[in-house]
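Participant: give me the fold of what follows.
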Amino acid sequence: MNRALDVLSVGDGNLDVWMRVPRHPDRRTGDVRGTGVVGNACRVGPGGAAANVALGVARLGGRAAFVGAVGDDTPGVQFADRMRSGGVDVSHLHVMTGQPTSLACMFETPDGEYEFYVCPGPRTIPAHCLAHDFVRSARILYLTGHVLTEDESTCRNMLDAMAVARKGGGTVAFGPGKYWLNPDLESRVHEALKYTDIIVSNELEAERLTGRKSLRDAVGKLLDTGIGIVAVTMGGRGSLLATEDRMIEQPASHSGSGSMVGAGDAFTSGLLYSFLLKENLEEMAAFANAVASIKIGTPGASEGLPRADEARAFLRENA
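Facilitator: Numbers count the residues shown, from 1 in each chain. As a prediction, the model looks like this:
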């Protein structure tokens, strides 16, 4: 089947404000000067895990689309414009009249410690934004868990899209995110796993999803659900990828300090792109790590995402 899209990414879209700060405030000191911090660098642009993955795939050379919800305010306009300029199809973006766009502020210190302050706008995704023909037009449907658990209506529409993609012969990828923030819909994430071919999580998410304290046990339990590829990011230690018959650990290839904001999303975009090229597990792990490593060198959630040739060159230089 000839498909118009490589990756359709569904989930959260924010306007991100990233700032480099020398330290985080310490109000316990009683020193009035300790309550204010002056930053020395700032970036403003589109963000949110699903949006970052779409941008990452497009930057690598893939055909990417994003479905999410923004307001009709200035941040919403800025978000859509920046996504388009990044080569992402936003024709099915849900623009909500009279509603605010989600805003995420990130304050990161030179040693990579960062704090998030988020003012989430409504993130409801109606069914018409996930029209069945549009979903079937993508080779991979990628969804994030914390929007899956936004509200019952959005959850139902996203689960329906997963079923449509699967039935149409597409691949379904899932990133759990902080799905536990809405306990009322937390159980629906386990329903989503039944439609999932590829899962990309961090260690905490994998262990929390499975109730296993050992990462390898958690990965094994996820594979037992029928998921074909389990990928777990491990921060500075690299990543772990597994299938039913193989499990490999790929060490991180970056060195020195950098901005970890958006690194996991960059990894996901690299993994999905490599999967579409039908590369093997080791090649997928190495390429995804390379994309994340390059991203770490540039501050901001979506800045510094590399082209495919840049990632290949990085792999050759760090072989």
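
Participant: now stretch 48-64: how far from the chain's centre is it?
Facilitator: 9 Å (Cα atoms, centre = their mean, to the nearest Å).

Participant: I misspoke; the intended subject was stretch 200-217.
Facilitator: On Cα atoms, centre = their mean, the centre of stretch 200-217 falls 17 Å from the chain's centre.

Participant: what lies in contact with it?
Facilitator: For stretch 200-217, the external contacting residues (Cβ atoms under 8 Å, 6 or more residues apart in numbering) are 145, 173-180, 189-190, 193, 218-222, 230-235, 240, 247, 264, 267-268, 271. C-beta here means a position set from N, CA and C on the backbone, and glycine is covered the same way.

Participant: give me the subset of those lying in helices.
Facilitator: Among those, the ones falling in helices (DSSP state H) are 145, 189-190, 193, 218-222, 264, 267-268, 271.

Participant: of those, buried ones?
Facilitator: For those, a neighbour count by 16 or more other Cβ atoms under 10 Å gives the buried set as 145, 189, 193, 218-222, 264, 267-268, 271.

Participant: closest to Pro22 among those residues?
Facilitator: Gly264 (24.9 Å; Cβ to Cβ).

Participant: and the pLDDT at the closest one?
Facilitator: Per-residue pLDDT puts Gly264 at 90.

Participant: which residues touch it?
Facilitator: Per Cβ under 8 Å, 6+ apart, neighbours of Gly264: 49, 200, 202, 233, 292.

Participant: if I look at it, how far off is Asn2?
Facilitator: 31 Å (Cβ to Cβ, to the nearest Å).

Participant: can you map out the helices along this protein?
Facilitator: Using DSSP H, helices in the chain cover 49-60, 74-85, 132-136, 145-148, 152-167, 187-193, 203-210, 215-224, 263-276, 281-296, 308-317.

Participant: quick one: which of the ones you listed is nearest Pro100?
Facilitator: Nearest of the helices of the chain (Cβ to Cβ): helix 74-85, 7.6 Å.

Participant: so, low pLDDT: which residues of the chain?
Facilitator: Scanning the chain for pLDDT under 70 picks out 26-35, 254-258, 300-301.

Participant: thought Trp180 was touching Glu186?
Facilitator: Yes - using Cβ atoms under 8 Å, Trp180 is in contact with Glu186, at 5.5 Å.

Participant: so Ala308 versus Val53, what's the distance?
Facilitator: 15 Å.

Participant: quick one: which of the two has more around it?
Facilitator: Val53 (34 against 17; other Cβ atoms under 10 Å).

Participant: who's in contact with the more buried one?
Facilitator: Counted by Cβ under 8 Å, 6+ apart, Val53 has contacts 7, 9, 142, 175, 265, 268-269, 272.

Participant: considering the residues you listed, which possesses the most neighbours?
Facilitator: Busiest of these [other Cβ under 10 Å] is Ser9, holding 36 neighbours.

Participant: any idea how far Leu5 is from Ala165?
Facilitator: On the measure of Cβ to Cβ, Ala165 and Leu5 end up 11 Å apart.

Participant: mutual contacts of the two, please.
Facilitator: Common contacts of Ala165 and Leu5 (Cβ under 8 Å, 6+ apart): Ala138.

Participant: ok, the two, which is more surrounded?
Facilitator: Ala165 (27 against 21).

Participant: the more buried one and Leu141 touch, don't they?
Facilitator: Yes - using Cβ under 8 Å, Ala165 is in contact with Leu141, at 4.0 Å.

Participant: now do the shared contacts for these two.
Facilitator: Shared contacts of Ala165 and Leu141 (Cβ under 8 Å, 6+ apart): 135, 171-172.

Participant: wait, which of those residues is closest to Leu60?
Facilitator: Thr171 (16.6 Å).

Participant: which residues does that closest one form a beta bridge with?
Facilitator: On the basis of DSSP bridges, Thr171 is bridged to Ile140.

Participant: neighbours of it, how many?
Facilitator: 20.

Participant: what residues are up against it?
Facilitator: Counting by Cβ under 8 Å, 6+ apart, Thr171 has contacts 139-141, 165, 197-198, 275.

Participant: try it again with 7 Å
Facilitator: 139-140, 197-198 (Cβ atoms under 7 Å, 6 or more residues apart in numbering).
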